[in-house]
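J.: Provided below for reference: sequence and predicted model.
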Amino acid sequence: MKKIFTIFLLAFGFSTIAQPVIEATYLPVHNTIIRQVYDTVANDLIVPTKGANQVWDYSWRYTNVLDTFDLKTFDAATTPHVNHFPNATHASFLRAPFSFADSVFNYFIVDTNGIQNLGYFSEKKEFDTTFISSPTEWVIPFEMHYLDHIYDTSVTEGILKDYYFFGGSYYDIKYISHRTKDMLVDGYGTLSTPLGTFNDVLLGTEKQHVLDSFFVDLGAGWTYAYLNDKYFHRFHFLRNNTFATSHLMQLNSDTAETTISFGWYTLPADIGSISGTVYDTTGMPVTNGDMILYREHSNFTKNDILATTIVDGAGNYQFDSIPYGEYRIACRPDLQVYTNAMTTYVGDTTDWINCQTVITTANSSGNDITLVYHENQSGAGSIAGSLQFDYSYSKKGNGDPIPGIDIIIEKTPSGKNVAETRSGIAGGFNMSGLNDGDYKLFVDIPGLNMAGSYDFTINGGTVVSSLDFKIGFDSIHPVGISTTIEPVNLSNSVIKAYPNPFSTSTNIEIDIKEKSNVKINVYDIIGNKVEELINSELYSGIHKFNFGTKNNSAGIYFVKININGEQEELKLIHR
């Protein structure tokens, strides 16, 4: 069994601590619950010290707890107000002891930029209103280091229903908030809360300026009412916590940083386990292979594996001590034992889009997998390329390789599995021996949109090379595709087409060994003849025919070639 959620209890005897790096890959999964414990008694909490190798002891400071509130994370599409925030990937619901923050659905994007707040909807009766941030408000960036300086501005606008009392009546108020955040990551060390002690913690001191403008609708349009100008500081304690939240604790203070007005720390989410059994296609348990736990809806460019374990001698696996949330689980069988077996997810599928997600409970059992196999290939076709980070989409290094990613080929339209490989240490992949047919290549990184999957055809030994994928912000994009067609051999002739695919025109070339009767016709995808290239007797030698320079639209075409009664067909792709 694999235990993967651990609080590190450390002695304070370290003389130095390695500078931690906080990554966005440790942000919440769907259906996670984070408990926040609030203390609002002045002087109960103290302003933290700054610098390297700090020890912050708040283990006994939360002595006047006001309340404990659950912050629940959802798939935004399942929440009631998502129509106001169509781009949101996540939403949370919070009941907190502070006015606007009480009974609020908060909508945000989680991606390789971190967390960006899109706005929120308050369900408190006296507010019941939507606040939309434009531009979006930064919450946590993709990556944070000691001495990083992070600056952000945002504007939030909303309407407060029946809020303003004037002349014996209540009126709507338009609320416009201009917010400036200026944060310096100015400390790291060890943090103790009433929950326990954590190492590798970053401290970020955030200076906030909030300028709130209020306008009242008295029946003749919006009229300026009043201005609220606020300055305060926040202290964020952040750590890479795989399953719950990067936020361990937060303190709010005055600008002089002498008094803490309130603070909160987090408790772990409910803890459960995920287990199941892996079977071969014969119904026998799989006894050699790795189990992989992915977060649901990760949207990150790395192979976002949270934990691994192995199947035991009876085919069983178990992940212990996992906070409640939504996950994906796959088995990578030992290919030395299970030849032609493929990485298979719960749901008995080879790709994350079609797999079943698993929501943790106290004992989430019965998550069984039956391995999927691919057919043998013995053709002359091949496809090769690489996976790399892209600066234009990602904050990772441009061109850095991405190893260990499953590359899957399926037949189209049947979806039958043909082959699987994994990107190597330099990010490259290569699959050969492919039979003739139509295929789809699939780069399987859970959470990323597959805009970069690639449809291709093997015909007479097609060689697809330089199929490089750039991977970044939220999807996978193919670049640099080069396709050639190996010659087709008849008993007395050699035929090839180049380039293919083509954008303007392509050449059909035949090399005839002796005088022959030759007929070449081009048909569209529904069988209509669009052009006759030749129908006559030709002498031995090389003959070229051009197609595509007329008014033929982009699409798929078939070239039917008849030489002395022998027939062959080539598929052309006009882009």
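T.: Structure received. Numbering: from 1, shown residues only.
J.: the helices in the stretch 451-575 of the chain, which residues?
T.: Using DSSP state H, counting those that start in this stretch, no helices are assigned anywhere in the stretch 451-575 of the chain.
J.: Which residues does the helix or strand Val418 falls within contact?
T.: Here Val418, judged by DSSP states H and E, is contained in strand 417-422. Strand 417-422 is contacted from outside by 342-343, 350, 372-375, 377, 403-411, 429-431, 434, 439, using Cβ atoms under 8 Å, 6 or more residues apart in numbering. Placement of C-beta: from N, CA and C, glycine included.
J.: Out of the residues you listed, which sit inside strands?
T.: Asp406, Ile407, Ile408, Ile409, Glu410, Lys411, Phe429, Asn430, Met431, Leu434, Tyr439 (DSSP state E).
J.: Including neighbour count, pLDDT and distance to Leu66, could these go into JSON lines?
T.: Shown next, in JSON lines, are those (neighbours: other Cβ atoms under 10 Å; pLDDT from 0 to 100; distance: Cβ to Cβ, whole Å):
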{"residue": "Asp406", "neighbour count": "22", "pLDDT": "90", "distance to Leu66": "49"}
{"residue": "Ile407", "neighbour count": "22", "pLDDT": "91", "distance to Leu66": "53"}
{"residue": "Ile408", "neighbour count": "22", "pLDDT": "91", "distance to Leu66": "52"}
{"residue": "Ile409", "neighbour count": "21", "pLDDT": "92", "distance to Leu66": "58"}
{"residue": "Glu410", "neighbour count": "21", "pLDDT": "90", "distance to Leu66": "56"}
{"residue": "Lys411", "neighbour count": "16", "pLDDT": "90", "distance to Leu66": "61"}
{"residue": "Phe429", "neighbour count": "22", "pLDDT": "93", "distance to Leu66": "55"}
{"residue": "Asn430", "neighbour count": "14", "pLDDT": "92", "distance to Leu66": "61"}
{"residue": "Met431", "neighbour count": "21", "pLDDT": "91", "distance to Leu66": "60"}
{"residue": "Leu434", "neighbour count": "23", "pLDDT": "91", "distance to Leu66": "65"}
{"residue": "Tyr439", "neighbour count": "24", "pLDDT": "90", "distance to Leu66": "60"}
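J.: any chance of the residues you listed in a markdown table, plus distance to Phe85?
T.: Converted to a markdown table, the ones in strands among the contacts of strand 417-422 look like this (distance: Cβ to Cβ, whole Å):
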| residue | distance to Phe85 |
| --- | --- |
| Asp406 | 33 |
| Ile407 | 35 |
| Ile408 | 33 |
| Ile409 | 37 |
| Glu410 | 35 |
| Lys411 | 39 |
| Phe429 | 37 |
| Asn430 | 43 |
| Met431 | 41 |
| Leu434 | 44 |
| Tyr439 | 38 |
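J.: Neighbouring strands - and their directions - for the one helix or strand Thr130 maps to?
T.: Element membership for Thr130, per DSSP H and E: strand 129-141. Strand pairing for strand 129-141, determined by DSSP bridges: strand 114-122 (antiparallel), strand 149-166 (antiparallel).
J.: Quick one: distance of the very next helix or strand once past that strand to the chain centre.
T.: Going down the chain from strand 129-141, the next helix or strand is strand 143-144, by DSSP H and E. Centroid separation for strand 143-144 versus its chain: 17 Å, with Cα atoms, centre = their mean, to the nearest Å.
J.: ok, strand 143-144: who's next to it in the sheet?
T.: Strand 143-144 is paired, per DSSP bridges, with strand 22-23 (antiparallel).
J.: Name whatever forms a beta bridge with Met291.
T.: Beta-bridge partners, per DSSP bridges, of Met291: Thr309, Cys331.
J.: quick one, what contacts it?
T.: Here Met291 is in contact with Val278, Thr308, Thr309, Ile310, Val311, Tyr317, Phe319, Ile329, Ala330, Cys331, Arg332 (Cβ under 8 Å, 6+ apart).
J.: picking that back up, and which of the ones in strands among the contacts of strand 417-422 is nearest to Asn517?
T.: Leu434 (33.1 Å; Cβ to Cβ).
J.: how about the strands in the stretch 151-300 of the chain?
T.: Along the stretch 151-300 of the chain, counting by DSSP state E, counting those that start in this stretch, strands occupy 169-193, 196-217, 222-238, 247-253, 260-267, 271-279, 289-295.
J.: Domain ranges for the protein, per the record?
T.: As recorded under automatic domain parsing, the domains making up the chain are 2-267, 271-370, 381-484, 488-574.
J.: could I get the strands of the stretch 151-300 of the chain as a markdown table with distance to Asn562 and mean pLDDT?
T.: Converted to a markdown table, the strands of the stretch 151-300 of the chain look like this (distance: least, Cβ to Cβ, whole Å; pLDDT from 0 to 100):
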| stretch | distance to Asn562 | mean pLDDT |
| --- | --- | --- |
| strand 169-193 | 73 | 90 |
| strand 196-217 | 72 | 91 |
| strand 222-238 | 71 | 92 |
| strand 247-253 | 72 | 92 |
| strand 260-267 | 74 | 88 |
| strand 271-279 | 51 | 92 |
| strand 289-295 | 51 | 89 |
